[in-house]
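Q: Make a model of this:
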Amino acid sequence: MCGIAGFYGSKLPTRNNINISSKLIRHRGPDAKGVKIIKNDKLVLIHRRLSIIDIDQRSNQPMEYENTILIFNGEIYNYIEIKKQLISMGHTFKTNSDTEVLIHALKQWKEKAVDFLEGMWAFAWYDNNTKKLILSRDRFGEKPLYYFLKDKNFFFSSEIKSLSALSSKKFKINFEKVEEFLKNGYKSSFKDKNLFFKDVFQIKPGSLFIVYKNKKTKSIDYWKKKRKISNKKITYRKIVEKNKTNLIRSVKLRTRSDVPIGFCMSSGVDSNGLISIAKKKLKQNIIGYNIYSKNKNYDEYGLTNKSAKKLNIKLKLVKVPRTNFLRNLKKIIQNRGYPLFTISYFLHWFMMKQMKKDRIKVSISGSAADEIYSGYIDHFNQYFYQIKSDKALLNKTKSDWQRYFLKFIQNKNLRKYDLYFKNKNFRDHIYDKYPNEIFVNQKKSRFNEKKFSNDLLRNRMMNELYHEIVPVILHEDDLNSMNFSIENRTPYLDSKIYDFIQSIPTKHLVKNGFLKSILRESLNKIAPNFIIKNRKKIGFNASIYDYINIRSKSFKSIIESKSKIFNIINRKKFYEFILKNKSPENSKLIFRFLSAKFFLDQNT
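A: Alright, predicted model coming up:
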């Protein structure tokens, strides 16, 4: 895991700009730094290294091989298997790093090399023979790569602050995007290519971005997101067996490391499943990290501690300071250069901080299981729609849902099992809803989604995976963990797991009143039974009211202060609205307001 930046164009950046750009991503790679400048080609490649695999300096970057140069951020988890294949083809290696395997693979297979990779990555590879610069991101976008293009000058970096320094460009705030975030919530943040800064874009996940000698560019999607059912007659038992095999393989690959690993541990089946596999199947020494909360609505310690004892692993409880919340929030946003999307990532920041103190360099999270296996409350409603023609299955599922699940559902719309029978296009619950008068521009936002599949549930899951939820999680995980020089890994985002689950009939996703039933069954006799059978979804969350008093002088001074956020928020109406009640919905709105305000104040 590292930080990368670079330039390919007509006029080289100054050496000072190069140095500042490198320094601004030092936290992403504190172990080594390197710069390659080819003056004749007007090319700059910058690298900051966080040593995870083969920590010897022989694996530092930029790395060169047969007139090609590579800078790489991420991990190729199956590098050992690819290396064996390349050796059989005549390749020889000088290091034990995945970086050297990647540069050999690129030399051997060119653009097709990404098809062989299982991992997370953002890389830039320059072929000095063809004068082509090829950039790429992994299939799901676990690793970021931003770019700015102007007058045939192409700049790129792992972070926007570094990109700004390299290009001598102060990027302006995209106020429309900030307004969208405030009105709709985090799920609207990656619906399109626009970011919180104008003129800055990301290399698309699952793509190759080629910059040619004449500085023309081309983007090629190597990862196809269409759903293809190829296992129509497969039995549920076979699905569980295959998924179990895929899971164990994925965890084994993602725990390859020459440095200490820590697990983010909640009371849910997602994180406990990964930890249980690592402990019981792979015989690894495990340390889990959990956030302590005094708020009973968000406290997961009881179940988490019970699981840790059952698995005989060490559990570290992280206490998030309740004092100086506003000061801490401002500092975090300043360090990241981007707002926090939810209060969950305020908590996550302190978890990463504790891991850093404990000298952990790799963090493993259970993110994306809900989007892969179907784990959200509204997935039940969408599932009912998909199985409505199978009366026996529908009645059985409805009975299980009423018996086990209905009591947990607060949204009145989602309490209707036949919600989508009446309106297949119902989406009112996805974006947050607040009175129009609290915004200066009272125009309502329109919800849109991509068409991936004719299957309602699968299409929603794919939108959550590629545009609504997982991109936000990955963005936040990366910024927080890399601030503390920690690499975050996500075992559920594995191409073989994803491809297999996409290939099976939707009817298998829910069973006996359980969402994520395939995952739960795959973990039978591996994870604690009380975790597998727990239907209640707590979530990694907190209430803003645990940290601030909105009637206090300090909060009132924020409301009364001069800020460009009040070009979006109606100062008076907003404050009147949030004073009315302390609801979870208002808690989310208040946090977004503070996060966006501090971000705007720091950048305007």
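Q: heading toward the C-terminus, what's the first helix or strand past the strand or helix carrying Thr99?
A: Per DSSP states H and E: Thr99 is located in helix 98-109. Counting by DSSP H and E, the next helix or strand C-terminal to helix 98-109 is strand 119-127.
Q: Break down the stretch 51-200 of the chain into its helices, ranges please.
A: Assigned by DSSP state H, counting those that start in this stretch, the helices in the stretch 51-200 of the chain fall at 79-88, 98-109, 160-167, 175-184.
Q: Which one of those lies nearest to Asp477?
A: Relative to Asp477, the nearest member of the helices of the stretch 51-200 of the chain by C-beta to C-beta is helix 160-167, separated by 16.8 Å. Backbone N, C-alpha and C define where each C-beta goes, glycine included.
Q: In stretch 577-586, which residues are buried?
A: 577-578, 586 (16 or more other C-beta atoms under 10 Å).
Q: And stretch 377-391, by the same measure?
A: Residues of stretch 377-391 classed as buried: 377-387 (neighbour count, 16+ other C-beta under 10 Å).
Q: Then stretch 151-160?
A: Applying 16+ other C-beta under 10 Å to stretch 151-160 flags 153-160 as buried.
Q: try stretch 388-405
A: By 16+ other C-beta under 10 Å, the buried positions in stretch 388-405 come out as 393-394, 397-398, 400-401, 405.
Q: farthest-separated two in the residues you listed?
A: With C-beta to C-beta as the measure, no two of the buried residues of stretch 388-405 lie farther apart than Leu393 and Phe405, at 16.0 Å.
Q: helix, strand or coil for the residue nearest the centre of the chain?
A: The centre of the chain sits closest to Leu474, judged by C-alpha atoms, centre = their mean, with a distance of 1.2 Å. Assigned by DSSP: H, G, I helix; E, B strand; the rest coil, the conformation of Leu474 is helix.
Q: Could you report the pLDDT at it?
A: The predicted structure scores Leu474 at 98 on the pLDDT scale.
Q: What of Met1?
A: 66.
Q: Looks like the residue nearest to the centre of the chain contacts Ser367 (just checking).
A: Yes - the pair Leu474 / Ser367 is scored as a contact, 7.4 Å apart, by C-beta atoms under 8 Å.
Q: Identify the contacts common to the two.
A: Common contact partners of Leu474 and Ser367 (C-beta atoms under 8 Å, 6 or more residues apart in numbering): Thr490.
Q: give me every residue that touches the closest residue to Phe540 other than its chain neighbours.
A: Among residues not flanking Phe540 along the chain, Ser344 sits closest, at 5.0 Å (C-beta to C-beta, 6 or more residues apart in numbering). By C-beta under 8 Å, 6+ apart, the residues touching Ser344 are 476, 539-542.
Q: Of all those residues, the one with the weakest confidence?
A: By pLDDT, Gly539 ranks lowest within the contacts of Ser344, coming in at 67.
Q: follow-up on the earlier one: alpha carbons of the helix holding Thr99, as PDB, please.
A: Extracted in PDB, the C-alpha atoms of helix 98-109 (Å, rounded to 0.1, in the frame of the first residue of the first chain):
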ATOM      1  CA  ASP A  98       3.900  -8.200  -5.600                       C
ATOM      2  CA  THR A  99       5.200  -5.100  -7.300                       C
ATOM      3  CA  GLU A 100       7.800  -7.000  -9.300                       C
ATOM      4  CA  VAL A 101       5.200  -9.600 -10.200                       C
ATOM      5  CA  LEU A 102       2.800  -6.800 -11.500                       C
ATOM      6  CA  ILE A 103       5.500  -5.100 -13.700                       C
ATOM      7  CA  HIS A 104       6.400  -8.500 -15.200                       C
ATOM      8  CA  ALA A 105       2.700  -9.300 -15.800                       C
ATOM      9  CA  LEU A 106       2.200  -6.000 -17.500                       C
ATOM     10  CA  LYS A 107       5.200  -6.600 -19.700                       C
ATOM     11  CA  GLN A 108       4.000 -10.100 -20.600                       C
ATOM     12  CA  TRP A 109       0.300  -9.400 -21.100                       C
END
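Q: Give me the distance between the two termini of stretch 220-239.
A: 33 Å (C-alpha to C-alpha, to the nearest Å).
Q: gap between it and the chain center?
A: Offset of stretch 220-239 from its chain centre (C-alpha atoms, centre = their mean, to the nearest Å): 23 Å.
Q: hmm, back to that, mind checking how far the residue nearest to Phe540 is from Ser389?
A: As judged by C-beta to C-beta, to the nearest Å, Ser344 and Ser389 stand 38 Å apart.
Q: Then Ile71?
A: Taking C-beta to C-beta, one finds Ile71 at 53 Å from Ser389.
Q: same deal with Asn381?
A: Separation of Asn381 from Ser389 (C-beta to C-beta): 16 Å.
Q: what's the answer for Ile550, then?
A: The value you get for Ile550 to Ser389, if C-beta to C-beta is used, is 50 Å.
Q: try Glu159
A: Plainly put, Glu159 is 50 Å away from Ser389 if you go by C-beta to C-beta.
Q: Ok, Lys36 next?
A: Distance from Lys36 to Ser389, by C-beta to C-beta: 60 Å.
Q: And for Tyr345?
A: 42 Å.
Q: cool, and Phe500?
A: Here the criterion is C-beta to C-beta. By it, Phe500 lies 25 Å from Ser389.
Q: if we can go back for a sec, contact partners for the residue nearest to the centre of the chain?
A: 140-142, 367, 490.
Q: between the residues you listed, which is closest to Ser453?
A: Scanning the contacts of Leu474 for proximity to Ser453, where the rule is C-beta to C-beta, the winner is Phe140, at 17.2 Å.
Q: okay, the nearest residue to that closest one once chain neighbours are set aside: pLDDT?
A: Once flanking residues are discounted, Phe140 sits nearest to Leu493: 4.6 Å by C-beta to C-beta, 6+ apart. At Leu493, the pLDDT value in this model is 98.
Q: in which helix or strand would I find Leu493?
A: Per DSSP H and E, there is no helix or strand for Leu493.
Q: Phi and psi next, for the residue nearest to Phe540.
A: Backbone geometry at Ser344, expressed as degrees, to the nearest 10, gives phi -60, psi -40.
Q: Next: Ala32.
A: According to degrees, to the nearest 10, Ala32 has phi -170, psi 160.
Q: quick one: contacts for it?
A: By C-beta under 8 Å, 6+ apart, the contact set of Ala32 is 47-49, 51, 57, 60-61.
Q: what two of those residues are the furthest from one another?
A: Arg48 and Gln57 (13.8 Å).
Q: between these two, which one's more packed in?
A: Arg48 (28 against 11; other C-beta atoms under 10 Å).
Q: The closest residue to that one other than its chain neighbours: neighbouring residues, count only.
A: Nearest non-adjacent residue to Arg48, counting by C-beta to C-beta, 6+ apart: Gly29, 2.9 Å away. Other residues lying near Gly29 total 25 when counted by other C-beta under 10 Å.
Q: Map the structural domains onto the sequence of the chain.
A: 2-221, 224-431+444-542, 544-603 (automatic domain parsing).
Q: which of the buried residues of stretch 151-160 lies closest to Leu519?
A: Looking across these and measuring by C-beta to C-beta, the closest to Leu519 is Ser158, at 31.6 Å.
Q: For the closest residue to Lys170 other than its chain neighbours, give its distance to Asn312.
A: Leaving aside its sequence neighbours, Lys170 sits nearest to Ser164 (C-beta to C-beta, 6+ apart; 6.2 Å). Taking C-beta to C-beta as the measure, Ser164 falls 48 Å from Asn312.
Q: neighbour-wise, which of these two wins?
A: Taking other C-beta under 10 Å, Ser164 and Asn312 do not tie; Ser164 has more neighbours (23 against 9).
Q: Below-threshold pLDDT in the stretch 151-300 of the chain: ranges please.
A: Within the stretch 151-300 of the chain, the ranges that satisfy pLDDT under 70 run 298.
Q: what do you get if the cut-off is 90, keeping everything else the same?
A: 224-233, 258, 267, 292-300 (pLDDT under 90).
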